[in-house]
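In: Curious how this folds, go ahead:
(one chain, ligands or ions: 1)
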Amino acid sequence: MQSHELRQRYLRFFQERNHAAIAVAPLVPEHDSSVLFTTAGMHPLVPCFRGVPHLAGRRLVDIQPCLRTNDILEVGDAQHLTFFEMCGNWSLGDYWKEQSIQWSYAFLTEELGIDPQRLLVTCFAGDQHAPRDEEAATVWRALGIQRIVFLPREDNWWGPVGTNGPCGPDTEIFYDREPNGTADQTPATHPQRFCEIWNNVFMQYDQQEDGTYLPLVQQSVDTGLGLERVVALLQGVETPYETDLFLPLIAAIRSIATQSNSFAERVVADHVRAATFILAEGVRPGNVAQGYVVRRLIRRAVRYGRELGMQGAFLAKLSAVVIEQMGAIYPHLVSMQQRIAMVLEDEELRFQRTIARGEKFFHQTADRTLAHAESILAGSEAFHLYETYGFPLELTEEYAEQRGLVVDRIGFQNAFEAHQLRSREGAKQRFAN
Ligand code: SER
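Out: All right, here's what the predicted structure looks like:
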């Protein structure tokens, strides 16, 4: 099944069950400065969980583009992506656990034909704030699911987005890649074996800034199904990078690369896709907020492109492949294509000019540090890499890790602040007369 068909089937399945298909939200949240990007389909609906009615009704469905950078260092492995699409269906004070679980199960097993024997689910184990979720487990048992694992808050509690807001226990649905594996393994102990595909969150609580919980005015359901992971599963491949969502992009990368390295290919593919979507919203690379994130993605893509032997500007060409593929679903990519290409090329060339000298400086510094039998790279050196060669701190940290070093973050911060102070003093003097 192609990704396009999964999209259609998902939306139709829930529309047939009286869910209104709503327009997706931008990747850069419009009315919420507490987070830089939309990280989940529920994010734009936060006010609705608190009781504000949604114009489209109490049952909603969409496929929301999301961006998460907390796992950026994992990108390149089989599963992690920064940009992804989340299929979501919601009940705003309407149906509750039983109906939600039954529909998720029906969609996976009847609509998509996934073998129920391959499914394992997790439920919230309970703690001082909320009870063990026997209610969800009972529904699963009634559906014939045998493998139910109760896990603590770290695994089976979702939200809030930011520091306060709607949250609650969840039940997560995993696909078992090793049906003949031993029965004692769980997603908590063997994350490689179990692939999380769907998360059904039972929104009941409003977490306050001080960490306490108040009940929400209504009980709601928030689900998120990872489009890329399910496409991989349906196409019988190990990673999203081998699905129709990524194959044209990977092929384009290989056609430009002179060396092969699947980790680097995946990083470049993920980061180009993410940067394309961010830039399509008018963000420009910069040193703060969304601009810093996109700069980091672009510079990281350039760095991994070097590992593939890619010369000159290549990001705009790859971005065109993303737009060709996703433009029918997200037409704003097409209208922004020229601008995206221009910004990518500008940022890329800017970094290409300094990266080789920056790498040389880094390795000389690392050699000196190691020669003194030290394991900490000075913050002032990391700042020099940032200021002179355009190395985001996190990129320097990655290089450092490869050499067995850790960057002194506080030293970096101090050097940064001292520099800002000097610049301000300098500006004052320049404008004094
Ligand atoms: N908000 C939940 C998640 O992001 C379910 O959509 O996983």
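In: Enumerate the residues of the stretch 201-350 of the chain near the ligand.
Out: Val201, Asp222, Thr223, Gly224 (C-beta under 6 Å from any ligand atom). Where C-beta positions appear, they are placed from N, C-alpha and C, glycine not excepted.
In: Out of these, which is nearest to Phe84?
Out: Gly224 (10.0 Å; C-beta to C-beta).
In: sec struct for the residue of the chain found nearest the ligand, please.
Out: In the chain, the residue that lies nearest the ligand is Gly224 (2.5 Å; C-beta to the nearest ligand atom). Gly224 carries the three-state label strand when classified by DSSP: H, G, I helix; E, B strand; the rest coil.
In: Can you give me the neighbour number for it?
Out: Number of residues near Gly224 (other C-beta atoms under 10 Å) recorded here: 25.
In: can you check Asp32 too?
Out: Using other C-beta under 10 Å: Asp32 sits among 17 other residues.
In: For it, give me its contacts.
Out: Going by C-beta atoms under 8 Å, 6 or more residues apart in numbering, Asp32 touches His43, Val46.
In: any idea how far Pro160 is from Ser34?
Out: 10 Å (C-beta to C-beta, to the nearest Å).
In: For the most centrally placed residue in the chain, give me its contacts.
Out: Compute the mean C-alpha point of the chain, and by C-alpha atoms, centre = their mean the closest residue is Arg68, 2.9 Å away. Going by C-beta under 8 Å, 6+ apart, Arg68 touches Phe37, Thr39, Thr82, Phe84.
In: Now the two most distant members of the residues you listed.
Out: Phe37 and Phe84 (11.6 Å).
In: At which residues are the strands of this structure located?
Out: Applying DSSP state E to the chain gives strands spanning 20-21, 59-67, 83-91, 119-124, 148-151, 157-158, 165-176, 194-207, 213-226, 376-377, 406-407.
In: TSV for the ones you listed, including mean pLDDT?
Out: Formatted as TSV, these follow (pLDDT from 0 to 100):
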stretch	mean pLDDT
strand 20-21	98
strand 59-67	98
strand 83-91	98
strand 119-124	98
strand 148-151	97
strand 157-158	96
strand 165-176	97
strand 194-207	96
strand 213-226	96
strand 376-377	95
strand 406-407	96
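In: still on that earlier bit, which of Ser34 and Pro160 has more neighbours?
Out: When neighbours are counted by other C-beta under 10 Å, Ser34 and Pro160 differ, and Pro160 comes out ahead with 19 against 13.
In: So stretch 78-90, near the ligand or not?
Out: Yes - Stretch 78-90 is in contact with the ligand by C-beta under 6 Å from any ligand atom, via Gly88.
In: Tell me the residues of the stretch 51-200 of the chain that contact the ligand?
Out: Residues of the stretch 51-200 of the chain that fall close to the ligand, judged by C-beta under 6 Å from any ligand atom: Gly88, Trp158, Asn199.
In: please redo it, this time with the cut-off set to 8 Å
Out: Counting by C-beta under 8 Å from any ligand atom, the positions of the stretch 51-200 of the chain adjacent to the ligand are Cys66, Met86, Gly88, Trp158, Gly159, Asp170, Asn199, Asn200.
In: these two touch, right, the second one and Thr223?
Out: No - between Met86 and Thr223 there is no contact, the gap being 9.2 Å when judged by C-beta atoms under 8 Å.
In: Please say which of these two ends up with more neighbours.
Out: Comparing Met86 with Thr223 by other C-beta under 10 Å, the one with more neighbours is Thr223, at 27 against 23.
In: Was I right to think the more buried one contacts Ser104?
Out: Yes - look at Thr223 against Ser104 with C-beta under 8 Å: they come within range, at 6.6 Å.
In: residues shared between the contacts of those two?
Out: In contact with both Thr223 and Ser104: Trp198, Asn200, using C-beta under 8 Å, 6+ apart.
In: give the contact list for His80.
Out: Applying C-beta under 8 Å, 6+ apart, the residues contacting His80 are Asp71, Glu74, Asp270.
In: Could you rerun that using 10 Å?
Out: By C-beta atoms under 10 Å, 6 or more residues apart in numbering, His80 lies in contact with Arg68, Asn70, Asp71, Ile72, Leu73, Glu74, Thr239, Pro240, Arg266, Asp270.
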